[in-house]
Structures are given as structure tokens and as C-alpha cells.
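# turn this into a structure:
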Amino acid sequence: MAKQKIVQNPAIIPPYQQEFYSRLYESKRLTKLFDHQWLLNLLTFGYSQKLADACAAEVKPRQQVLQLGATFGTQLGQLASKIGVYGSLDVVDVSLTQLRYIRLKHRFAYPFMNFINRDATAPFSGKYDVIICYMLLHELPFPAKSKLINQILSNLAPEGKAVFIDYNNAVWWHPLKWLVKMFNRLYQPFAERMWQTEIKDYVSNRRSYEWHKTTYFGKMYQKVVITRKGSLY
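Next up, the predicted model:
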């Protein structure tokens, strides 16, 4: 049986994450508190599990998969179950605290899961069948969003697939839209950019890819699937 490992560079947590997210991600107590699927479903009005299902639907057994950003709840385990022992799942996160926690959580069930401690926006090598960016884009400032999206696309294998799960601009009549807007202004200052700019608008060579977007819960959430066309060139 393969042994899980954490590849340490080590990563330096960017200033914007230290300011807005480290209070949560670097706290073992808060990590354990939020690592309950029922709580995540409650906070997302039942859509956390639906988004995890939508993400897992985009992978197949035996594939080489990279996920940028560790997650709470069952999402990573569900993804690993779909890939199976003959595939591989690399998980990248800048927080060593988060990687150690999910490694401990999944060490017996998914020994083919590997953990890489680095900034998701840092260049990386290798080609993957599927690269997943799960609820990460909204945490990044504009330049980092652009850099990450284009970097993901450059590391897809021929006919490889990038999957983005994140917030979206809800319909104007959504009863929670302005409550979410106020929350973001206070605690997630980069999230509102997801309302203003489509993911495809960050990409210069759009014709090299096929695009498919699905929205959920009155367009509050989105899944964007970008498939590289047959050739790398």
C-alpha cells in the first residue's frame, strides 16, 4: 500500500490570506468545527453536498487528478472514491495546517492521495487529466485569479478538463443576494469579483478550449468545465 506524504517546499502564506483567512485555516479548533458536512450544508442552504456531487461527476476512475485547495466536509473523500486506487489525487494547499489535518483524516481510506504544500498560484509541472479549483477563486485578488486560471489550463493534458466550483452572480431577485454581498464586503473582499467577471474573461486563448457553465441556487453558485481540445498546441 502506498504511503501518503506531504511535499513541503515550504510555502509562504500570502499577505492577503494571512489577513482574511488564516484565522480560520490556521486554527485546528475551527477546522474541526467546520469539518462537518451537515454544517456546510446548513451554511450553503443545502448546496455544499450538491456542489461536491457536481464536482465528482467530472472525474473518472484511474485518472490523474489535481485539486487546488483543501476542503472541509466530504468533498475530497468523495472525489478520491470516484478516482479509485488505480488513479492519483494530488491536493495542493498553502496551509500546512490544513494538509496535515486532511492527511490524518484520509490516511487509511485513500493512501493514493498526495499532499503538496505550496501556493496554488506558484508554477507547477506535470500534466493532469483533471484539475479542480474548488471554492478557491473567490479568496484570491484579481491578479492571482488570472494567474491561477491560465496556469491551470496550461497544465491540462490533451483533452484534459479544468473544473471550477465557486460563487456566481445570483439573479437580481434572489432573497439572499444582498445579505451575501454585505458578508463579502466585510469578510471576503475578493469574492465580489466573481459577480463581475466570468471565468472565461481571464483567458486569452479561449478558442483552444470548450466551455460549459452550470449554475445552482438561483445562479448563486457555478460550475465551469473547461476542456482542452485535442492538441497541446
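# any low-confidence regions in this structure?
In the predicted model, the chain carries pLDDT under 70 at residues 1-5, 8-10, 231-233.
# so in it, which strand runs the longest?
When the chain is parsed with DSSP state E, its longest strand is strand 156-167.
# between strand 156-167 and whichever helix or strand comes after it, find me the angle.
With elements assigned by DSSP states H and E, the helix or strand that comes after strand 156-167 is helix 177-187. Using axes from the mean of the first three to the mean of the last three Cα atoms, to 10 degrees, the direction of helix 177-187 lies 110 degrees away from that of strand 156-167.
# ok, and what's touching helix 177-187?
With Cβ atoms under 8 Å, 6 or more residues apart in numbering as the contact definition, helix 177-187 has outside contacts at 20, 167, 170-171, 191-192, 220. For the C-beta atoms, the positions are set from N, CA and C on the backbone; glycine is no exception.
# closest to R100 out of the residues you listed?
For the contacts of helix 177-187, the minimum distance to R100 (Cβ to Cβ) is 21.5 Å, reached by F20.
# my guess is that closest one meets A191, correct?
No. Because the distance of 10.0 Å does not satisfy Cβ atoms under 8 Å, F20 is recorded as not touching A191.
# next, show the common contact partners of those two.
Residues touching both F20 and A191 (Cβ under 8 Å, 6+ apart) are E139.
# and the two? Which one has more around it.
When neighbours are counted by other Cβ atoms under 10 Å, A191 comes out ahead of the other of F20 and A191, with 19 against 14.
# double-check that the more buried one belongs to a helix.
No. When the secondary structure is assigned by DSSP: H, G, I helix; E, B strand; the rest coil, A191 falls in coil instead of a helix.
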